[in-house]
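Novice: What would the 3D arrangement of this be:
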Amino acid sequence: MTHSFLRAALGSVALIAACGTASAADMYRKAPPATPIAAPVSVYNWSGFYAGANLGGEFLRDKVEVPGASRTLSPSTVFGGVQAGYNFQTGPWVLGVEADVGYGRAVKSATVGGEAVRVEKTWSGTARARAGYAADRFLVYGTGGLAWANFKVQDAPASRNTTRAGWTVGLGGEYAVTQNVSLKGEYLYADYGKANVGNSSHALTDHLVRVGANYKF
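Specialist: Got it, this is the predicted structure:
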């Protein structure tokens with residue numbers, strides 16, 4: 001009887017072990033593949049106040065007209081300044097306002113139709129709206145608004161020092177290097193109308209190409 005009991009016990013153990021092995025194999029076959037964990041997507045937001053500085057080149061155009069003659073004076077200079085503004089982002093669209101002021105001394109003299117003329121531009125500034133499209137950290141935008149600049153125009157011996165108001169338009173691109181710091185490149189065209197002095201009329205326009213950096217608060 002003892003031998004019969006041992007054989008029965010051993011048989012039961014073997015049966016349980018076989019069932020366990022089959023069940024484990026079945027679970028292994030039916031286990032679903034592991035789902036890869038996607039890396040989080042970082043989308044930059046351009047909303048907020050910012051301020052920064054810029055540096056570039058200024059290319060002044062002064063179309064001088066005197067009785068019987070005309071000529072365009074084209075002085076250029078290095079131009080630097082500061083800017084501040086605010087952006088609001090909705091979806092990929094970014095709307096904002098920006099003001100800037102800077103200095104660059106562009107000056108040139110010439111003789112036009114026997115008249116000794118001279119033009120000099122020093123400081124200038126703008127107040128503009130901006131509208132752009134953002135692809136995460138990269139922003140492209142158009143801009144336009146008001147412009148002011150100080151000019152000294154001369155038709156010897158007469159001269160005139162005047163602060164002119166005008167309009168400006170432009171475009172640019174900006175890239176956010178970190179959450180707070182961005183770099184930009186920008187082109188602006190400005191028209192300041194005509195300034196008259198002596199026998200001459202000066203039609204004043206300006207081209208500004210610059211790069212800059214902003215800090216977003």
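Novice: any idea which helix or strand comes after the lowest-mean-pLDDT helix or strand in the chain?
Specialist: Least confident helix or strand, the chain: helix 2-30 with a mean of 44, by mean pLDDT, DSSP states H and E. Going down the chain from helix 2-30, the next helix or strand is strand 48-66, by DSSP states H and E.
Novice: what lines up beside that following strand in the sheet?
Specialist: strand 69-73 (antiparallel), strand 76-90 (antiparallel), strand 200-216 (antiparallel) (DSSP bridges).
Novice: Tell me where the model's unsure across the protein.
Specialist: Scanning the chain for pLDDT under 70 picks out 1-42.
Novice: Would you map out the domains in it?
Specialist: According to automatic domain parsing, the chain comprises the domains 1-33, 48-216.
Novice: most packed of those domains?
Specialist: domain 48-216 (a mean of 17; mean count of other Cβ atoms under 10 Å). All C-beta spots, glycine's among them, are computed from the backbone N, C-alpha and C.
Novice: first vs last residue of that one, how far apart are they?
Specialist: 7 Å (Cα to Cα, to the nearest Å).
Novice: now that domain, how far from the centre of its chain.
Specialist: Mean C-alpha position of domain 48-216 versus that of the full chain (Cα atoms, centre = their mean, to the nearest Å) differs by 16 Å.
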